[in-house]
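Q: Sequence and predicted model, in that order:
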Amino acid sequence: MVPNITEAEAANELMRLAKQIAKHDRLYHAEDAPEISDPEYDALVRRNAELETAFPHLVRDDSPSRKVGHTASASPLSKVRHEVRMMSLDNAFDAEEVEEWVARVRRFLSLAEDEPVAFTAEDKIDGLSCSLRYEKGVLVRAATRGDGQVGEDVTPNVAHIADIPQTLRSSQAKSSDASESVSTSLDANGEWDGPEVFEIRGEVYMARADFEALNARLMDDARAAAEEKGEEFDPAKVRQFANPRNAAAGSLRQKDASVTAQRPLKFWAHGWGAASDVPGATQAEVVRWIEGWGVPVSPLFARFDSAGDVLAHYETIAAQRADLPYEIDGVVYKVDRLDYQQRLGFVAKAPRWALAHKFPAERAETTLESIDIQVGRTGKLTPVGRLAPVLVGGVTVTNVTLHNRDEIARLGVRPGDRVVVQRAGDVIPQLVDNLTRDEPRPEAKMPDFSRCPECGSEAVAEEGEVDVRCTGGLICPAQRTERLKHFVSRGALDIDGLGEKTIDQFFALGWLESPADIFRLKQRREDILALDGWQERSVDNLLASIELRRHQLSDRPRGDEAFDIEGAVRIDRFLFGLGIRHIGIVTARTLLKEFRFLYDVRDFAERARAGDDEARERFLSIDGIGPAVVDSLGDFFHEEHNVQVWNDLAETVFDDGQPPEYKFKIQDSPVSGKTVVFTGKLETMSRDEAKAQAERLGAKASGSVSAKTDLLVAGPGAGSKLKKAEELGIEVVDEAGWAKIVAEAG
Ligand SMILES: [Zn+2]
């Protein structure tokens, strides 16, 4: 289907798809923690392909269609370059697509109509692809697929997988026909005389029962560890694996192979890579040799003389699927004759001679009754379709996620539409088709993405992002407890005795409507004391640690306590604790070093949002501050609810309602506290090094010259900045002059 959208829309969507798919690739492959189901992922890839076909000139350099899997760079394991690339497979989703593939194969080989083509077929296991390199029958290296060209070295890890022999077996190999035996790979002396080099390729996987047992064990271990440390056990925090595939990947890709040793991994072979010699003329023959060497292959592997028989085998496997001890997601077909495979070769990242026939998800038709918006814990607005209840694969479905605005537009859905719903495995059902999109129908009420339905705050999307978020983080009921927890967390206010459980409990009691309420808890001393598990001492400790923070934030020592800038919780952590998007602790500190006063940060952010370019420039000239920070601050203070929370906090925490100046230790040097700008070419050091020197000396390195600049360090080729500095009468030195300042400061 050619998408009915403009070129600009397509370009935009392709950009987002590239980002999204890259993100999901990373989650799936590098972190073993997918957020979406495989069918959802496939839908993204297909949409990308559809748009690229319709707008071939818009194919991006970073298009997902140009990549295979993830890159191995983020891994702690060492890298291995595959001698023969590990390919991925093209997918088919129905019999028609399989028949088209068979026809393409026949056309490519120019076969006469009556000339037979045989295929192999085997179940496609959901595991982690692995290449095992045997030299003279001895395992010398095992590597994951990685991006297809470079994988990760998992040799020590596979040593613990019983299905992967360290030495290939000396017994007789079986041929594809069980009645006929072929010669062994050992000569008369019992020496290996199979191929010198042979890379066996297959999947490392985890059986369903082992997966469930592993997750149960992870839970038990976490509980035992918590008990030992005397901590409260929170099952929600135990990291379990989402599915057997991720369990297998997470277990194999361990820096510490002894962890792998405790995981029940299995392996089977389905092909080969580099080989000094291939023992056979067909796929089936070689696979039987591999089996004869002692490496398991799928028990459902078989060879067929026609495409019709292959499709019949698919149905047989599909019928057994639920009862198999492992998870599969389709059937893989390969052209049997190796000379045909050779001729067919590859397109892009997949061989022409192989195809993965995926199992369909279960589907049903129903009516979309309304579209609501749900707000997640991070403030993300997600549209949810409410359905007339319908049975899909034996389960009644009443809700589907619609992901975001783009998805609604893509499907063209409105309340009242007839839609197709799909369910695959245990994942949230998907809305995959709109049957009434081209019919005239009355206007319907569409969801409003401009406001949060929970709290009424403005909702905004960041540039280039499709997700819309509520900006009322501090008052939004959907986000409130999360924000409170962040506010008192270790990196922010770090309030002793105010853990997550306590926040939840106090919140449920209505004692923590907003962050300022934390500082009003002293009025509830008796109420807290009346709760289970609280004693005089623990309540007083809690209230004391809250008061301590109040004093520190106000920059006011208590009694004889010497004020310690390093140890105290200061307004940088207060700013960080507000949970404004993109304001991490480092950014908060950078902002305060520049502005000194919290109110100035707010004031300039509001001005920047209102279109004051000078205010915006003031932010952007700070090293490490980008447009996302400015926008995010502006959005935060533009939201009336946040301003209320801010004012309430300021009045409750700070002495006269005014946060104090941010003080930080600066080194005593001729340039401490000054603003330095570097321009032109530096000969003895990089620009980054020069900036770091300046910061070490207590100076602030800025990117642009203004009236606030104290010193310009100008190398050869300095242009407009030098001119401006001279106009403003700012002190200018060359690189040697700067070196002298640095030397004097010691
Ligand atoms: Zn909200």
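A: Looks like it came in fine.

Q: quick one, helices of the stretch 1-150 of the chain?
A: Secondary structure of the stretch 1-150 of the chain (DSSP state H, counting those that start in this stretch): helices at 7-25, 38-54, 95-108.

Q: Let me have those in JSON lines, extended by mean pLDDT.
A: Rendered in JSON lines, the data for the helices of the stretch 1-150 of the chain read as follows (pLDDT from 0 to 100):
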{"stretch": "helix 7-25", "mean pLDDT": "84"}
{"stretch": "helix 38-54", "mean pLDDT": "78"}
{"stretch": "helix 95-108", "mean pLDDT": "92"}
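
Q: Report the separation between residue 336 and residue 269.
A: Look at residue 336 and residue 269: by C-beta to C-beta, to the nearest Å, they are 16 Å apart. All C-beta atoms are positioned from the backbone trio N, CA, C, and that covers glycine.

Q: quick one: which of the helices of the stretch 1-150 of the chain is nearest residue 676?
A: helix 7-25 (36.9 Å; C-beta to C-beta).

Q: Against which helices or strands is that closest one packed?
A: If you count contacts as 3 or more C-beta pairs under 8 Å, 6 or more residues apart in numbering; DSSP states H and E, helix 7-25 packs onto helix 38-54.

Q: can I get the helices of the stretch 1-150 of the chain in a markdown table with distance to residue 261?
A: Below are these laid out as a markdown table (distance: least, C-beta to C-beta, whole Å):
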| stretch | distance to residue 261 |
| --- | --- |
| helix 7-25 | 28 |
| helix 38-54 | 29 |
| helix 95-108 | 41 |
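
Q: Ok, which of those helices comes nearest residue 711?
A: helix 7-25 (41.1 Å).

Q: measure residue 284 to residue 57 for me?
A: 43 Å.

Q: Which of these two has more residues huddled nearby?
A: residue 284 (22 against 7; other C-beta atoms under 10 Å).

Q: helix/strand/coil for residue 386?
A: Secondary structure, DSSP: H, G, I helix; E, B strand; the rest coil: residue 386 is strand.

Q: if we can go back for a sec, what's the closest of the helices of the stretch 1-150 of the chain to the ion?
A: helix 7-25 (23.7 Å; C-beta to the ion).

Q: what comes up buried for the closest one?
A: Buried positions in helix 7-25, judged by neighbour count with 16 or more other C-beta atoms under 10 Å: 10-14, 16-18, 20-21, 24-25.

Q: now for the helices of the stretch 1-150 of the chain, which one comes closest to residue 722?
A: helix 7-25 (38.7 Å).

Q: The closest one vs helix 38-54, what angle?
A: With axes from the mean of the first three to the mean of the last three C-alpha atoms, to 10 degrees defining the directions, helix 7-25 sits at 150 degrees from helix 38-54.

Q: just how off-centre is helix 7-25 within its chain?
A: Relative to its chain's centre, helix 7-25 lies at 15 Å (C-alpha atoms, centre = their mean, to the nearest Å).

Q: do the same with stretch 197-209
A: Per C-alpha atoms, centre = their mean, the centroid offset for stretch 197-209 relative to its chain is 25 Å.

Q: What pLDDT is listed against the residue of the stretch 501-650 of the chain found nearest the ion?
A: With C-beta to the ion, the shortest gap between the stretch 501-650 of the chain and the ion falls at residue 641, namely 8.4 Å. Listed pLDDT for residue 641 reads 85.

Q: Tell me the secondary structure at it.
A: Going by three-state DSSP: residue 641 is helix.

Q: wait, doesn't it sit right on residue 457?
A: Yes - Residue 641 is within contact range of residue 457, at 5.3 Å (criterion: C-beta atoms under 8 Å).

Q: distance of residue 619 from residue 702?
A: 11 Å.

Q: Skipping adjacent residues, who's closest to residue 275 in space?
A: residue 198 (4.9 Å; C-beta to C-beta, 6 or more residues apart in numbering).

Q: So the one you found lies in a strand, does it not?
A: Yes - residue state for residue 198 (three-state DSSP) corresponds to a strand.

Q: Please list all residues in contact with it.
A: Residues near residue 198 by C-beta atoms under 8 Å, 6 or more residues apart in numbering: 133-134, 272, 274-277.

Q: Out of those residues, which is nearest to residue 363?
A: Of these, the one sitting nearest to residue 363 (C-beta to C-beta) turns out to be residue 272, at 37.5 Å.

Q: Report the secondary structure state of that closest one.
A: Under three-state DSSP, the three-state class of residue 272 is strand.

Q: shouldn't it be in contact with residue 286?
A: Yes - when contacts are counted by C-beta under 8 Å, residue 272 is listed as touching residue 286 (6.6 Å).

Q: Quickly list what's touching both of those two.
A: residue 278.

Q: looking at this, residue 708 is in a helix?
A: No - going by three-state DSSP, the assignment for residue 708 is coil, not a helix.

Q: roughly how far apart are the nearest residue to it once chain neighbours are set aside and the ion?
A: Nearest residue to residue 708 in three dimensions, chain neighbours excluded: residue 675, at 5.5 Å (C-beta to C-beta, 6+ apart). Residue 675 is 39 Å from the ion, where distance means C-beta to the ion, to the nearest Å.

Q: Is it correct that residue 675 is in contact with residue 703?
A: No - at 10.6 Å, residue 675 does not count as touching residue 703 under the criterion of C-beta under 8 Å.

Q: higher neighbour count, those two?
A: Neighbours per residue (other C-beta under 10 Å) separate residue 675 from residue 703, with residue 675 holding more: 20 against 16.

Q: and the chain, which residues reach the ion?
A: Where the chain comes near the ion, counting by C-beta under 5 Å from the ion, the residues are 452, 454-455, 457, 470, 472, 476.

Q: Drop anything exposed from those residues.
A: Neighbour counting with 16+ other C-beta under 10 Å marks 452, 454-455, 457, 470, 472, 476 as buried within the residues of the chain next to the ion.

Q: number of nearby residues for the residue of the stretch 501-650 of the chain closest to the ion?
A: 20.
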